[in-house]
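**Q** What follows is a protein structure lacking sequence information:
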């Protein structure tokens, strides 16, 4: 099994695990306190922000609006049968009934019927978001780039277009994006810092100082996009990895991932019920599993094989939740590699005011007809697959068998 470089002996390991459990219990207890505060009366009044809107029509043909609302304490869904003239990021004062909200639903993001809703203030469009959106005419590309840069919600139509190609992970901001951004920032800042360091403070640690600046920028960016689950996981993992690196402790380890997961769940226990969070952790786990067994390969081989490895091994997990599948999704690893060029290029184009240059290509690509099938991972298969995934840490032949099992799910 992977070594546990964070701990010197079993006693320290036990004490650390105990501390994690205690801190997590305290965190959940605080959430329970907030839950009781909300449900102490049958009607709760709160100020919330609109983070998603869906206009729908009932089976009887009556239009209604589904809202996802959020404040610093909770996130919930509700429905309005009356016309609402609200937009994303608007601030609302709402009153909702709490009698049917239990603690489990509260942690998962609950549903509550509305008593009333008043618009307190309309969100002024952010100047940066507007700058990006104004470079596009087509609604699809406005949505696409807003989601890609600012983690905004996308429509069901665009979500389906993305899902049929198996590239949802490229649009939802995650550690993949933060890695690219941090590399770009380091590349741009290094010559500037080196110029001043060589003249005024040669005694400084260049890597440490640049890392601090990059983390500060990434942290500000993560705060700006409201710390989505995958971004929070990636940012905390980056901080943990840098701390371990500065102490000459092994970074690429399952212990690092476990430690990161523990910190994130202590900070935000509601993420235990976040699908995006567990998808993100699963992806990192399979990256570590590949490096654990195959880090001896040539760097080019690692780069090429890793994309196909992660795609293949994530298939059973993804399709336990989402059933949309097409054989074009097998191209997803190639599209992920292409994204490493597309993402920095799109950033340069948008910064220079030419973000719409690639719009016609993107609209053509997403509008291609792709026949989709329904692929669902059975629960028994998923449980067996997860057990085998953990066994694969010790047994290399099991690791080699995992892609075959995963692709067998598709072929069968």
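**A** Looks like it arrived, so ask away. Since the structure is predicted, the reported quantities are computational estimates derived from the model, not experimental observations.

**Q** buried residues in the helix or strand containing residue 12?
**A** Assigned by DSSP states H and E, residue 12 falls within helix 10-39. Neighbour counts using 16 or more other C-beta atoms under 10 Å place 16, 20, 27, 28, 31, 35, 38, 39 of helix 10-39 among the buried residues. C-beta here means a position set from N, CA and C on the backbone, and glycine is covered the same way.

**Q** possible to save those as a markdown table with pLDDT?
**A** A markdown table is the format used below for these (pLDDT from 0 to 100):
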| residue | pLDDT |
| --- | --- |
| 16 | 80 |
| 20 | 88 |
| 27 | 94 |
| 28 | 94 |
| 31 | 93 |
| 35 | 94 |
| 38 | 92 |
| 39 | 92 |
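
**Q** ok, so of those residues, who is nearest residue 246?
**A** residue 16 (19.3 Å; C-beta to C-beta).

**Q** SS state for the residue of the chain positioned farthest from its centre?
**A** For the chain, the largest distance from the centre (C-alpha atoms, centre = their mean) belongs to residue 199, which lies 41.1 Å off. Under DSSP: H, G, I helix; E, B strand; the rest coil, residue 199 falls in the helix class.

**Q** and the worst-scoring helix or strand of the chain on mean pLDDT, how far out from the chain's middle?
**A** Counting by mean pLDDT, DSSP states H and E, the weakest-scoring helix or strand in the chain turns out to be helix 229-246, with a mean of 80. Distance of helix 229-246 from its chain centroid, counting by C-alpha atoms, centre = their mean, to the nearest Å, is 14 Å.

**Q** With stretch 41-55 instead?
**A** 23 Å.

**Q** who's in contact with it?
**A** 38, 63-71, 73, 75, 86-99, 115, 120, 123, 153, 156 (C-beta atoms under 8 Å, 6 or more residues apart in numbering).

**Q** just stretch 66-80 next, same as before
**A** Here stretch 66-80 has contacts from 34, 38, 46-56, 64-65, 84, 86, 92, 94, 96, 106, 109-114, 117, 153, using C-beta under 8 Å, 6+ apart.

**Q** Okay, now the unreliable bits of the stretch 151-300 of the chain?
**A** 249-251 (pLDDT under 70).

**Q** so where do the strands sit in it?
**A** Assigned by DSSP state E, counting those that start in this stretch, the stretch 151-300 of the chain shows no strands.

**Q** And the helices in it?
**A** Taking DSSP state H, counting those that start in this stretch as the test, the helices found in the stretch 151-300 of the chain are 156-163, 168-171, 175-200, 206-224, 229-246, 254-267, 275-294, 299-321.

**Q** Format these as CSV; extra columns: distance to residue 343.
**A** Formatted as CSV, the helices of the stretch 151-300 of the chain follow (distance: least, C-beta to C-beta, whole Å):
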stretch, distance to residue 343
helix 156-163, 15
helix 168-171, 8
helix 175-200, 5
helix 206-224, 14
helix 229-246, 15
helix 254-267, 24
helix 275-294, 17
helix 299-321, 15
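
**Q** hang on, the earlier thing: going through the contacts of stretch 66-80, which ones are buried?
**A** For the contacts of stretch 66-80, buried by 16+ other C-beta under 10 Å: 38, 48-51, 53, 65, 84, 86, 92, 94, 96, 106, 109-110, 112, 114, 117.

**Q** chain center to the strand or helix carrying residue 51: distance?
**A** Using DSSP H and E, the element containing residue 51 is strand 43-57. How far strand 43-57 lies from its chain's middle: 22 Å, per C-alpha atoms, centre = their mean.

**Q** between it and helix 10-39, how big is the angle?
**A** 90 degrees (axes from the mean of the first three to the mean of the last three C-alpha atoms, to 10 degrees).

**Q** in the following helix or strand past strand 43-57, what's buried?
**A** Next in sequence after strand 43-57, counting helices and strands by DSSP H and E, comes strand 63-70. Neighbour counts over strand 63-70 (16+ other C-beta under 10 Å) mark 65, 67, 68, 69 as buried.

**Q** and the helix or strand just after strand 63-70, how far from the chain's centre?
**A** Per DSSP H and E, the first helix or strand lying C-terminal to strand 63-70 is strand 75-80. Relative to its chain's centre, strand 75-80 lies at 22 Å (C-alpha atoms, centre = their mean).

**Q** Partner strands of strand 75-80, with direction?
**A** Here strand 75-80 is paired, per DSSP bridges, with strand 63-70 (antiparallel), strand 110-111 (parallel).

**Q** mean confidence for that strand?
**A** For strand 75-80, mean pLDDT rounds to 91.

**Q** Go through that strand and flag the buried ones.
**A** Those would be 75, 76, 78, 80, for strand 75-80 by 16+ other C-beta under 10 Å.
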